[in-house]
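J.: sequence and predicted structure, then a few things I'm wondering about:
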Amino acid sequence: MIPDIFYVKRRTEEYPGTFTLHIKKKDDQPQTSFQPGQFNMLYAFGAGEVPISMSGAPHSTSVYIHTIRTVGLTTQALERLREGDQLGVRGPFGRGWPVEKTTGKTIVIIAGGLGLAPLRPLIYHLLSKNRDATDIHIFYGAKSQPEMLYSDELKNWAQQLTLQTSVDMATPGWQGNVGAVTSLLTTAKIDPENTIAFICGPEVMMRFAIQELIKKNLPRTSIYLSMERNMKCATGHCGHCQWGPTFICKDGPVFCYEEIHDWFHRTEV
Amino acid sequence: MKTIAALLHEHPFFAGMKDEYIQLIAGCAVNHIFNQGEYIAKESDAADYFYLIRNGRVSIETSQPNYGAVILQTLQDGDICGWSWLFPPHCWTFDAKAQTKVHTIKLDGRCLRGKCADDTQLGFDLMQRFARIMTERLQATRLQLLNIYGRPENNKDQEI
Ligand SMILES: Cc1cc2nc3c(=O)[nH]c(=O)nc-3n(C[C@H](O)[C@H](O)[C@H](O)COP(=O)(O)OP(=O)(O)OC[C@H]3O[C@@H](n4cnc5c(N)ncnc54)[C@H](O)[C@@H]3O)c2cc1C
Ligand code: FES
């Protein structure tokens, strides 16, 4: 699959080392729509290609939005892109969040750090359904307040749904919760019969979050999480992203915990 | 208005406790409201009480020279504040401050220590509940210390 040529329409800095690109097809043609939780392969010319989650609104096909943290060569090259610069894009790929299963359910979204990016399209989707604010609970943890993504949007969401945030480190002036985001879950009231949970963040955080949900008797079938592994083809052919008996690019990145719990806790997989 | 025993029954900390024990504990408990900014406990003061948070947010703080108060953790609805009353020297190890108006049930540790000594079954039940909370807090603190959201190269700097 050959990448399409896109250009950077807008670039914003979230905080040092993390930025958001709004990208558009070179010929301004409409782009393929996507499912919340899917990802694109972004190709920085001369550097490499990396999987990056969709983090914009799924119903908008005029731009793709990606929030990226610089960790190595390719993400550094993407960080250097400025408005008008070009990049290659393949996608959307993968299996996203099961939005069809949210009808009539209370939704618990647990995001850690950059993990809010792949969950944002799901939040947009839920907000577009005019659901009751008490039906959607977001728990978002970050290292500190300056390292929270989408700070303006968080303020808006707090008016529209139940949002609880927590930081690991309180910076001066921070008036909110301090502590691991999973601590917010220990006292949260969750109806195990009628709740569906979506989790994305560092794996260790997801493991602790799952433990808390299981303690509250939420069935494994009601827990979904998004996984990350290095990728090459993104189409299920090269085996690069194999994880247990699955390929993350094709069978994931979103998995139901029931399907993966056998190997999720095994570090050697 | 609900009785203290009913409020204790509703609080997650006492979930599933025998009614007989709830009644005993209720004898050592009163409702107490802290206003925003008020100290609930001060480091090294006698820890004669502990608190069940019904609603509001409490920060657990310590002070550092040149930095002032550093918030280590916050507690909220359904949490429990304080276990120093359980162990000698019965002194608070950190400051606890009401970040918002906080509705609590204030429990008298001395009264409870006496009841636990008289009825070791009650003491064991309470100890189990506190041990669970301590384990949860320890796990959460470990997670907090891991710097899980940090960038990979920053985490390497922290390797011991
Ligand atoms: C399905 C999927 C969705 C993703 N979505 C996003 C996203 O929305 N935003 C985003 O910023 N990233 C996302 N990632 C992660 C991103 O793909 C990697 O950060 C990227 O591939 C790193 O490439 P690089 O060439 O810059 O660094 P590399 O040279 O590959 O790696 C440099 C260093 O970073 C470490 N590293 C690599 N990947 C990760 C990682 N995922 N987490 C922590 N450390 C890592 C490596 O071990 C190495 O030490 C996603 C990954 C997957 C599989
Ligand atoms: S990246 Fe090739 S199989 Fe998944």
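T.: Okay, I see it. Residues are numbered from 1 along each chain as shown, chains lettered A, B, ... in the order given. Ligands and ions are numbered 1, 2, ... in the order given.

J.: test my guess that A:Leu116 contacts A:Leu149.
T.: Yes: contact criterion Cβ atoms under 8 Å: A:Leu116 and A:Leu149 qualify, at 4.9 Å. The C-beta positions use only the backbone N, C-alpha and C, and glycine is treated the same way.

J.: quick check, the longest helix along chain B touching chain A?
T.: Assignment by DSSP state H gives helix B:120-145 as the longest helix of chain B. Yes: contact check for helix B:120-145 against chain A, using Cβ under 8 Å from any Cβ of the partner chain: residues in range are B:Glu136, B:Arg137, B:Gln139, B:Ala140, B:Thr141, B:Leu143, B:Gln144.

J.: part of a strand, is B:Gln23?
T.: No: applying DSSP: H, G, I helix; E, B strand; the rest coil, one finds B:Gln23 to be helix, outside a strand.

J.: next, count neighbours for it.
T.: 13 (other Cβ atoms under 10 Å in any protein chain shown).

J.: would you check that it makes contact with B:Ala5?
T.: Yes: counting by Cβ under 8 Å, B:Gln23 does reach B:Ala5; the two are 5.7 Å apart.

J.: walk me through the domains of chain A.
T.: In terms of domains, chain A is parsed into A:4-93, A:99-226 (source: automatic domain parsing).

J.: look at the last one and report the distance between its end residues.
T.: With Cα to Cα, to the nearest Å applied, domain A:99-226 spans 14 Å between its terminal residues.

J.: what's around A:Lys9, how many residues?
T.: 16.

J.: if we can go back for a sec, what helices or strands is the longest helix of chain B leaning on?
T.: helix A:181-186, helix A:203-215, helix B:19-26, strand B:68-75, helix B:109-118 (3 or more Cβ pairs under 8 Å, 6 or more residues apart in numbering or on different chains; DSSP states H and E).

J.: tell me what angle it forms with helix B:19-26.
T.: When axes from the mean of the first three to the mean of the last three Cα atoms, to 10 degrees is applied, the directions of helix B:120-145 and helix B:19-26 differ by 70 degrees.

J.: what angle separates helix B:120-145 from helix B:109-118?
T.: Using the same axes, to 10 degrees: helix B:120-145 against helix B:109-118 is 120 degrees.

J.: which residue is the nearest non-sequential neighbour of A:Pro30?
T.: Of all residues not flanking A:Pro30 in the chain, A:Thr61 sits nearest, at 4.7 Å (Cβ to Cβ, 6 or more residues apart in numbering or on different chains).

J.: go ahead and confirm the one you found touches A:Gln31.
T.: Yes: between A:Thr61 and A:Gln31 there is a contact under Cβ under 8 Å: 5.0 Å.

J.: so between these two, which is more surrounded?
T.: The neighbour comparison of A:Thr61 against A:Gln31 (other Cβ under 10 Å) goes to A:Gln31, with 20 against 15.

J.: how far does stretch A:38-57 sit from its chain's centre?
T.: Using Cα atoms, centre = their mean, to the nearest Å, the distance from the centre of stretch A:38-57 to the centre of the chain it belongs to is 13 Å.

J.: same check, this time on stretch A:260-269
T.: 21 Å.

J.: show me the shaky parts of chain B.
T.: Applying pLDDT under 70 to chain B flags the ranges B:151-160.

J.: which residue lies nearest the spatial centre of chain B?
T.: B:Cys81 (1.7 Å; Cα atoms, centre = their mean).

J.: residues in contact with that one?
T.: Taking Cβ atoms under 8 Å, 6 or more residues apart in numbering or on different chains, we find B:Cys81 in contact with B:Ile40, B:Ala41, B:Phe50, B:Tyr51, B:Leu52, B:Ile53, B:Val58, B:Ile60, B:Leu75, B:Ala96, B:Thr104.

J.: then A:Gln38?
T.: A:Ser53, A:Met54, A:Gly91, A:Pro92, A:Phe93, A:Gly94, A:Arg95, A:Gly96.

J.: show the backbone phi and psi for it.
T.: phi -80, psi 170 (degrees, to the nearest 10).

J.: go on, A:His66?
T.: Residue torsions, per degrees, to the nearest 10, at A:His66 are phi -130, psi 130.

J.: hmm, A:Met41 and it touching each other?
T.: No: assessed by Cβ under 8 Å, A:His66 is found out of contact with A:Met41, at 10.9 Å.

J.: joint contacts of those two?
T.: A:Ile52.

J.: coming back round to it: now the helices and strands packed on helix B:120-145 in TSV, with distance to ligand 2?
T.: Formatted as TSV, these follow (distance: least, Cβ to the nearest ligand atom, whole Å):
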stretch	distance to ligand 2
helix A:181-186	29
helix A:203-215	18
helix B:19-26	56
strand B:68-75	40
helix B:109-118	57
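
J.: quick one, which of the ones you listed is nearest to ligand 1?
T.: helix A:203-215 (9.2 Å; Cβ to the nearest ligand atom).

J.: sorry, back to before: out of the helices and strands packed on helix B:120-145, which is the most enclosed?
T.: helix A:181-186 (a mean of 26; mean count of other Cβ atoms under 10 Å in any protein chain shown).

J.: what packs against it?
T.: Using 3+ Cβ pairs under 8 Å, 6+ apart, helix A:181-186 is in contact with strand A:106-112, strand A:136-142, strand A:162-167, helix A:203-215, helix B:120-145.

J.: how about the ones you listed in a markdown table, adding distance to A:Asp85?
T.: Supplementary listing: the helices and strands packed on helix A:181-186 in a markdown table, determined by distance: least, Cβ to Cβ, whole Å:
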| stretch | distance to A:Asp85 |
| --- | --- |
| strand A:106-112 | 29 |
| strand A:136-142 | 29 |
| strand A:162-167 | 33 |
| helix A:203-215 | 32 |
| helix B:120-145 | 38 |
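
J.: the most centrally placed residue in chain A: what secondary structure?
T.: Of all residues in chain A, the one closest to the mean position by Cα atoms, centre = their mean is A:Pro118, 1.8 Å from it. State at A:Pro118, reduced to three classes by three-state DSSP: helix.
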